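Chemist: give me a model of this one.
(one chain, ligands or ions: 1)
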Amino acid sequence: MSYTLFISDLHLDPVRPEHLEALKNLLAHHQGKTDALYVLGDLFEAWIGDDDDSPFNLDAIAAFRQFSDSGSKLYFMHGNRDFMLGNDFANACGGTLLDEGTVVDLYGTAVILMHGDSLCTLDTAYQQFRTMARNPQWQQGMLAKPLEERRMIAQGMRMQSQGNNANKAENIMDVTPEEVVREMQEAGVQHLIHGHTHRPDVHDVDLPDGTGKRWVLGDWGKLGWQIVADSELGLRLESFAIN
Ligand SMILES: [Mn+2]
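Modeler: The predicted model follows:
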């Protein structure tokens, strides 16, 4: 049976090697069997540039390469942590970097794919940062700095982000319902898959032409999360234990 997998928010970090191990298990289990794997952002806790060839990064790339060499397709989307993932990374993995809001056909069902951070429109401070950090000129300036300096900047950003988020209301950290409807209508779809909010769930969405569904992937902690799409059962959200 044909099927397709979606994951996001692994937040891979050398200090938590169990998540990279869980990813390698997932890749080994599905390689050559699944039609495609979509990684919808925040694969890495931080990504300071494709030229960062740390043993940890090379380990992850090698696992993805083995997966794509098996014939399964591989796609990546940026998250708010790894927004500097580039084509060099994707190519090394044998995958393709997708634009935010790409619409895919899943066995006859059209689905829009997003990381989810752009849907959190009430978080104006973050959206300002996002606009800056997605600017090619800003990224070029960042990539021109030595790796060690970028490492320190990334560390500072993470600490600042944690401090900021600790004081934000719950609804500001979640998606804006009107923005969800707007994106789904514009794309002409009844299904949206995203991550980012770390609130794995399936929600009904009231659309002008019926009820749609918003599928939210979870972040990897003690549990990992995946969405499976196939031609017979449709979509389903699943979790699995991580040791
Ligand atoms: Mn995120």
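
Chemist: so for the helix-or-strand element of the chain with minimal mean pLDDT, what gets flagged as buried?
Modeler: In the chain, no helix or strand scores lower on mean pLDDT, DSSP states H and E than helix 147-166, which sits at a mean of 88. By neighbour count, with 16 or more other CB atoms under 10 Å as the criterion, the buried positions of helix 147-166 are 150-151, 154. C-beta coordinates here come from the backbone N, C-alpha and C atoms, glycine included.

Chemist: the closest residue to Asp42 other than its chain neighbours: how many residues sit nearby?
Modeler: Distance criterion CB to CB, 6 or more residues apart in numbering; nearest residue to Asp42, sequence neighbours excluded, is Gly79 at 3.2 Å. For Gly79, the count of nearby residues is 26 (other CB atoms under 10 Å).

Chemist: Ala241 now?
Modeler: 8.

Chemist: I'd like the distance between the closest residue to it other than its chain neighbours and Phe56.
Modeler: Spatial nearest neighbour of Ala241, excluding adjacent residues (CB to CB, 6+ apart): Leu223 at 6.4 Å. Here Leu223 is placed at a distance of 22 Å from Phe56 (CB to CB, to the nearest Å).

Chemist: same deal with Gln155?
Modeler: According to CB to CB, Gln155 stands 15 Å off from Phe56.

Chemist: could I get the pLDDT score of the closest residue to the ion within the chain?
Modeler: Closest contact between the chain and the ion, by CB to the ion, is at His196 (3.7 Å). His196 is assigned a predicted lDDT (pLDDT) of 96.

Chemist: centre-most residue in this structure?
Modeler: By CA atoms, centre = their mean, the chain has its centre lying nearest to Gly41, at 1.9 Å.

Chemist: thought that one was touching Leu217?
Modeler: No. Using CB atoms under 8 Å, Gly41 is not in contact with Leu217; the gap is 9.4 Å.

Chemist: quick one: common contacting residues for those two?
Modeler: Each of 8-9, 195 lies in contact with both Gly41 and Leu217 under the rule CB atoms under 8 Å, 6 or more residues apart in numbering.

Chemist: and the nearest residue to Cys120 once chain neighbours are set aside, helix, strand or coil?
Modeler: Nearest residue to Cys120, sequence neighbours excluded (CB to CB, 6+ apart): Val175, at 5.8 Å. Reduced to three states with DSSP: H, G, I helix; E, B strand; the rest coil, the structure at Val175 is coil.
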